[in-house]
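Visitor: Predicted model and sequence follow; I will ask about them next.
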Amino acid sequence: MDSFWYISIIVLVLLFGGSKAVSIGPPHSQLDVNHKKPLQTFRPYNIAHRGSNGELPEETAAAYLRAIEEGADFIETDILASKDGHLICFHDVTLDATTDIANRTEFAGRKRTYEVQGQNVTGWFVVDFTLKELKSLRVKQRYSFRDQRYNGKYQIITFDEFILIALYADRVVGIYPEIKNPIFINQYVKWSNGKKFEDKFVETLLKYGYKGEYMSEDWLRQPLFIQSFAPTSLIYVSNMTNSPKVFLIGDTTIPTEDTNQSYSEITSNAYLAFIRNYVIGIGPWKDTIVPPKDNVLGLPTDLVARAHTLNLQVHPYTFKNENSFLHFNFHQDPYAEYEYWLNEIGVDGLFTDFTGSLHKYQEWTTPYPKKEKNAEALLHEISNMLKDDGY
């Protein structure tokens with residue numbers, strides 16, 4: 001809990017201390033990873049989906065702080081852009097579902113209808129608001145059956161603020177940002193010098209020192225996975241950074257937003273062999289890996305096995321504790337679902353709304369290895385104990 005409050009104070013300074021607070025990195029002395037507990041790499045990754053959003057409003061500083069407190073290996077976010085080109089952490093291209101925008105009479109005239117991935121969508125779009133205007137909104141829980149007590153308490157945060165939350169943690173915490181709806185963002189938000197959304201995304205990561213191939217020394221110091229449903233974006237940013245990337249895969253009925261490819265095409269052996277030149281893993285919706293019928297899981301597909309054959313990691317999404325999201329096979333027990341996916345399906349990481357639950361399960365079943373002390377270390381410890389006792 002001490003670390004939670006320490007980071008909380010820093011985040012309050014970042015969020016309310018003025019715009020300059022998010023434009024520069026923190027002092028190097030604050031970020032010396034040599035004195036931090038390293039990222040665990042001996043078991044599948046606990047990926048905090050939009051923070052610990054099962055408990056707190058999604059993609060807020062509070063949700064990310066809670067996720068870190070509860071043991072997340074990575075905090076995950078969706079990156080969009082404001083009208084004036086600032087990168088923000090927000091999932092939907094519209095503000096309707098998770099903010100108080102509908103109650104803000106001054107913005108009533110901003111409601112629009114745009115085409116998003118082939119569908120006409122009506123609402124208040126993030127691309128029609130400046131960062132200052134977005135910061136004036138307050139975030140709320142997406143689902144009515146989750147805790148509503150924190151509605152209206154937190155604001156939208158920027159990509160910079162998200163990164164600083166991870167960097168100021170008292171242990172090494174990875175980040176897992178998504179290049180969200182790049183076709184839509186590039187259509188409605190313009191930057192100087194002809195730069196694209198993807199350029200600004202990578203520039204932000206590089207500004208804070210994120211670099212290096214998977215498991216390199218640089219990567220272990222500041223772990224990062226870049227994710228996107230748009231393969232052309234992942235290929236494009238591969239020319240700017242060698243940080244590991246993950247190709248997200250949606251429902252079997254949804255084509256890719258940029259290349260209009262079908263699910264069967266992008267999960268074929270030929271395509272997986274192609275995309276592995278640019279990514280180190282895939283992030284499929286879990287119901288496409290093990291398709292359910294009438295809320296009962298059927299037989300697993302061979303997607304995980306085929307991905308592993310190509311040395312691609314598999315990070316499925318999204319795991320949620322509530323009964324309405326659990327298939328009948330798990331008898332309303334989220335730990336049984338974790339057991340199935342980690343031990344029977346054998347995935348390499350999980351996107352979860354309930355970081356604490358996954359962390360507890362992994363600590364029970366695959367705890368951190370205990371360090372065996374050698375004779376010299378034991379003698380040194382005994383010597384210190386004797387000195388403390390006055391000998």
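Guide: Happy to help now that I have it.
Visitor: drop to CA atoms for contacts and neighbour counts, all remaining ones
Guide: Will do.
Visitor: any idea which helix or strand of this structure has the worst average confidence?
Guide: helix 2-16 (a mean of 48; mean pLDDT, DSSP states H and E).
Visitor: Following element in sequence after it, please.
Guide: Using DSSP states H and E, the helix or strand that follows helix 2-16 in sequence is strand 45-48.
Visitor: Quickly run through the sheet partners of that following strand, with directions.
Guide: strand 74-81 (parallel), strand 349-352 (parallel) (DSSP bridges).
Visitor: mean confidence for that strand?
Guide: Here strand 45-48 scores 98 as its mean pLDDT.
Visitor: Run a quick neighbour tally on Asp294.
Guide: Using other C-alpha atoms under 10 Å, the number of residues around Asp294 comes to 8.
Visitor: I'd like to know how far it sits from Pro284.
Guide: Relative to Pro284, Asp294 is positioned 20 Å away (C-alpha to C-alpha, to the nearest Å).
Visitor: can you redo the strands paired with strand 45-48 as a markdown table with mean neighbour count?
Guide: Below are those laid out as a markdown table (neighbours: other C-alpha atoms under 10 Å):
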| stretch | mean neighbour count |
| --- | --- |
| strand 74-81 | 27 |
| strand 349-352 | 24 |
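Visitor: Next, format the ones you listed as CSV and append mean pLDDT.
Guide: CSV is the format used below for the strands paired with strand 45-48 (pLDDT from 0 to 100):
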stretch, mean pLDDT
strand 74-81, 99
strand 349-352, 98
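Visitor: Would you format those strands as TSV with distance to Asn239 included?
Guide: Output for the strands paired with strand 45-48, formatted as TSV (distance: least, C-alpha to C-alpha, whole Å):
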stretch	distance to Asn239
strand 74-81	20
strand 349-352	26
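Visitor: Out of these, which is closest to Lys360?
Guide: With C-alpha to C-alpha as the criterion, Lys360 lies closest to strand 349-352 of the strands paired with strand 45-48, at 12.8 Å.
Visitor: related to what we said a few turns ago, who wins for proximity to Ser228 among the strands paired with strand 45-48?
Guide: Short answer: strand 74-81, nearest of these by C-alpha to C-alpha, at 9.2 Å.
Visitor: Which SSE is immediately downstream of that closest one?
Guide: strand 87-89.
Visitor: what's that next one in contact with?
Guide: The contact list for strand 87-89, computed with C-alpha atoms under 8 Å, 6 or more residues apart in numbering, reads 59, 77-82, 156-159, 162, 200-201.
Visitor: Just the buried residues of the helix or strand hosting Glu337, please?
Guide: Assigned by DSSP H and E, Glu337 belongs to helix 334-339. Neighbour-count burial for helix 334-339, counted by 16 or more other C-alpha atoms under 10 Å, picks out 334, 337-339.
Visitor: rewinding a little: closest one to Leu234 out of the contacts of strand 87-89, please.
Guide: Nearest to Leu234 out of these is Phe201 (C-alpha to C-alpha; 11.5 Å).
Visitor: Helices along the stretch 201-350 of the chain, start to end?
Guide: Along the stretch 201-350 of the chain, the stretches classed as helices by DSSP state H, counting those that start in this stretch are 217-221, 231-237, 263-266, 269-275, 286-289, 303-309, 334-339.
Visitor: How far does the helix holding Glu337 sit from its chain's centre?
Guide: Centre-to-centre, helix 334-339 and its host chain are 21 Å apart (C-alpha atoms, centre = their mean, to the nearest Å).
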